[in-house]
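> Predicted model and sequence follow; I will ask about them next.
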Amino acid sequence: MRFIDDFLNGITMYRLVLYYLTVLMVGAALAGLFGIAALNPANLAFSIIIILAVCMAANKIFARAFGAIPNIESVYITALILALIISPVDPTDTAGIGFIVFASLWAMASKYIFALGNKHVFNPAAFGVALAGIMTNQAATWWITSNPLLLAFVFIGGVLIVRKIRRTDLVIAFSIAALAAIVFTTNGNPLTAITMTLFHSSFFFLALVMLTEPLTMPPSRMPRIAYGALVGILFAPNIHLGSFYFTPEIALLAGNLFVYFTSPKRRFLLTLVEKSELADSTNEFVFTPDYPISFRPGQYIEWTLDGRAADNRGNRRYFTIASSPTEPVVRLGVRFYTHASTFKQELLAIQPGDTLTASHAAGDFVLPSDPKQKLVFIAGGIGVTPFRSMVQYLIDTKDARQVTLLYSNKTFSEIAYKDFFDRTAQSIGMKTVYALTDEPVPIPGTHAGFIDAALIKQEIPDYLACVFYISGPHGMVSAFTKTLNAMGVPRRKIKTDYFPGFA
């Protein structure tokens, strides 16, 4: 498990999906080549070439027409999904070629033509296939799940994706709703119906890959569960409206509409107005948005740069917003390492007046609704950014909650937002303890050593009455969760910061 987590934390979510889909494609071709699957590798190669060519050309044209920043990574992902759910066609099959061309074209078009607030509403692959099916009277076969060996790869890779983005609640809600709807609407043996669904349908690929697309899912837990349940119910083959029966892709599109009306999103253009050094190897970027961003303190957003020279980690990242919703600007605090990715190199090089884009705010790492609840914030390094957002919000709204911040760094010079947190003692009475692990000589006003159970008990005698918020590197968050559990703090009183694409 440790090896898997290390691997997942070292790769962005989008790259994981891209590599996973590529492995599925190569595995399917090999299975067809060696007679393990009833698949013609030549037809598969022909289909993916057509789909990729159409998707790339269409995306380039639409991006230029709409003045958007094209994202080639997204194009590859959509193209591979289409190739994995539309049956490979023979070069002589003009009707089949027309279907994949139409589906590919409209998958790309949906990102621009059917976009509200500069943000696409529908899952592109699902939209392309659904519209192509209506117009040509053909349908996606979801062939990648038709072979037991390929289905195993679909499941294993899909589980890794869900583990990476931590959307188990979404998949479980979909699964329970889908299987329950199938059982209650089947005219035959329920066990047979469930078996057929799990092993001979689009169930796993839809649930683990397409349903979990971040840009078309709700930003918080309860709406996300409702979204999964809705798509699950509509996924059941006997669910219909009059003579209209839902296909898997149409069920997903209906869920996308639900997400838009319950959790409207948009894409923002951010202009850099200030860049400064927060601490050693840490910078803060201050932006003005072209449209007010609605978010809750502690949430994250997806940041996109014009990644023409992006490395294999892509040109998109998720970062927590360091500013409060009460501020007119958007703050981003980032730590830079010696061997930084091209994304961080490009980010560090931007100057006032330069722009980047940002997508919807999401995440459940937010303040509790009960203002009387005592809070403990535990931060490691730049993991302090959500707490900067929360504390500024408490100051601006005059919300005098009882808060203690335990903030760990290696050295004094690495402390970010120190002046800000020092002032909070006067403004809202917040207590801050700076723990330094690698200083050779103790520094007055700081704790020499790690944050551990002894320090927590010393600084917060009534810690069992508190809710703990932990933000920082994955290993630190996991270690503190175990420490708090061992101290008797129940899991429901421990909130951990997480967002897709942590790497």
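Here it is on my side, so go on. In this text, all values refer to a predicted model and were calculated from it rather than measured experimentally.

> Just to be sure, Ser359 is in a strand?
Yes: judged by DSSP: H, G, I helix; E, B strand; the rest coil, Ser359 forms part of a strand.

> From Arg267, how far off is it?
Going from Ser359 to Arg267 by CB to CB, to the nearest Å gives 5 Å. From N, CA and C alone the C-beta is placed, and that goes for glycine too.

> just Ala109 next, same as before
Ala109 is 17 Å from Arg267, where distance means CB to CB.

> Dihedrals phi and psi, Ala37?
Main-chain torsions, Ala37, degrees, to the nearest 10: phi -130, psi 150.

> count of residues packed around Leu52?
If you count neighbours by other CB atoms under 10 Å, Leu52 ends up with 18.

> my guess is it contacts Ala79, does it?
Yes: Leu52 is within contact range of Ala79, at 4.8 Å (criterion: CB atoms under 8 Å).

> any weak-confidence spans in the stretch 301-450 of the chain?
For the stretch 301-450 of the chain, residues meeting the criterion pLDDT under 70 lie at 306-314.

> Strands of that one, residue ranges please.
Using DSSP state E, counting those that start in this stretch, the strands of the stretch 301-450 of the chain run over residues 316-320, 330-335, 355-362, 374-380, 403-409, 431-436, 447-448.

> And the contacts of the shortest one?
Meaning strand 447-448. Outside of strand 447-448, the residues within contact range by CB atoms under 8 Å, 6 or more residues apart in numbering are 433-436, 439, 442, 455.

> and the two most separated of those?
Farthest-apart pair in these is Glu439 and Leu455; separation 15.5 Å (CB to CB).

> contacting residues for the closest residue to Arg316 other than its chain neighbours?
Of all residues not flanking Arg316 in the chain, Thr304 sits nearest, at 4.9 Å (CB to CB, 6 or more residues apart in numbering). Applying CB under 8 Å, 6+ apart to Thr304 gives the contacts 69, 71, 315-316, 356-359.

> could I get these as a markdown table with neighbour count and distance to Gln392?
Below are the contacts of Thr304 laid out as a markdown table (neighbours: other CB atoms under 10 Å; distance: CB to CB, whole Å):
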| residue | neighbour count | distance to Gln392 |
| --- | --- | --- |
| Ile69 | 16 | 30 |
| Asn71 | 21 | 32 |
| Asn315 | 24 | 29 |
| Arg316 | 24 | 26 |
| Leu356 | 21 | 22 |
| Thr357 | 21 | 24 |
| Ala358 | 21 | 19 |
| Ser359 | 20 | 22 |
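
> Could you save those residues as JSON lines and add columns showing distance to Tyr407?
Formatted as JSON lines, the contacts of Thr304 follow (distance: CB to CB, whole Å):
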{"residue": "Ile69", "distance to Tyr407": "36"}
{"residue": "Asn71", "distance to Tyr407": "35"}
{"residue": "Asn315", "distance to Tyr407": "31"}
{"residue": "Arg316", "distance to Tyr407": "28"}
{"residue": "Leu356", "distance to Tyr407": "28"}
{"residue": "Thr357", "distance to Tyr407": "31"}
{"residue": "Ala358", "distance to Tyr407": "26"}
{"residue": "Ser359", "distance to Tyr407": "29"}
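
> Phi first, then psi, for Cys466.
The phi/psi pair for Cys466 (degrees, to the nearest 10) is phi -100, psi 160.

> For the remainder of this discussion, apply numbering that starts at 27.
Right, with 27 as the first residue, what we last looked at is Cys492.

> So what pairs up with it in the strands?
Lys400 (DSSP bridges).

> Tell me how far it lies from Thr212.
49 Å.

> Asp390 too?
For Asp390 relative to Thr212 (CB to CB), the value is 35 Å.

> cool, Thr346 as well?
Thr346 is 45 Å from Thr212, by CB to CB.

> Show me which of the two is the more surrounded one.
Counted by other CB under 10 Å, Thr346 and Thr212 do not tie: Thr346 has more neighbours, with 26 against 18.

> and the more buried one, what are its bridge partners?
Thr346 has these beta-bridge partners by DSSP bridges: Tyr326.

> now swap in the one 10 residues further on and tell me
Bridge pairing for Val356 (DSSP bridges) gives the partners Phe313.

> If you count neighbours, what's buried in the helix of greatest length in the chain?
In terms of residue count, the longest helix belonging to the chain (DSSP state H) is helix 67-92. Residues of helix 67-92 classed as buried by neighbour count (16 or more other CB atoms under 10 Å): 67, 69-70, 72-74, 76-78, 80-82, 84-85, 88-89.

> just stretch 111-131 next, same as before
111-115, 119, 122-123, 125-131.

> Over to stretch 384-395?
Neighbour-count burial for stretch 384-395 [16+ other CB under 10 Å]: 384-393.

> Now do the same contact list for Cys81.
By CB under 8 Å, 6+ apart, the residues touching Cys81 are 101, 104-105, 108, 130, 133-134.

> What pLDDT does the model give it?
Cys81 is assigned a pLDDT of 97 by the prediction.

> Report the separation between it and Asp316.
28 Å.

> what about the residue lying closest to Ala94 once chain neighbours are set aside, which helix or strand?
Leaving aside its sequence neighbours, Ala94 sits nearest to Tyr138 (CB to CB, 6+ apart; 6.7 Å). Assigned by DSSP states H and E, Tyr138 falls within no helix or strand.

> Is Phe311 part of a helix or strand, or is it coil?
Following three-state DSSP, Phe311 is assigned to strand.

> separation between the closest residue to it other than its chain neighbours and Ile202?
Nearest residue to Phe311, sequence neighbours excluded (CB to CB, 6+ apart): Leu358, at 4.5 Å. Distance from Leu358 to Ile202, counting by CB to CB: 38 Å.

> When the two are compared, which one has more neighbours?
Set Leu358 next to Ile202 and count neighbours by other CB under 10 Å: Leu358 wins out with 24 against 14.

> ok, that one - contacts?
Contact analysis of Leu358 by CB under 8 Å, 6+ apart lists 310-313, 329, 345, 347-348, 411.

> Can you show me the helices along the stretch 327-476 of the chain?
For the stretch 327-476 of the chain, the helices defined by DSSP state H, counting those that start in this stretch cover 368-375, 411-422, 444-453.

> Give me the neighbour count for Leu217.
Neighbour tally, Leu217, other CB under 10 Å: 10.

> for stretch 38-56, which positions count as buried?
38-44, 46-47, 50-51, 53-55.

> what comes into contact with it?
The contact list for stretch 38-56, computed with CB under 8 Å, 6+ apart, reads 34, 37, 62-63, 65, 67, 70-71, 74, 99-100, 102-103, 106-107, 109-110, 170, 175-176, 179-180, 183-184, 186-187, 190-191, 235, 240, 338-340, 342-344, 526-527, 529.

> what about burial for those, which qualify?
Neighbour counting by 16+ other CB under 10 Å classes 34, 37, 63, 65, 67, 70, 74, 99-100, 102-103, 106-107, 109-110, 170, 176, 179-180, 183-184, 186-187, 190-191, 235, 240, 339-340, 342-344, 526-527, 529 among the contacts of stretch 38-56 as buried.
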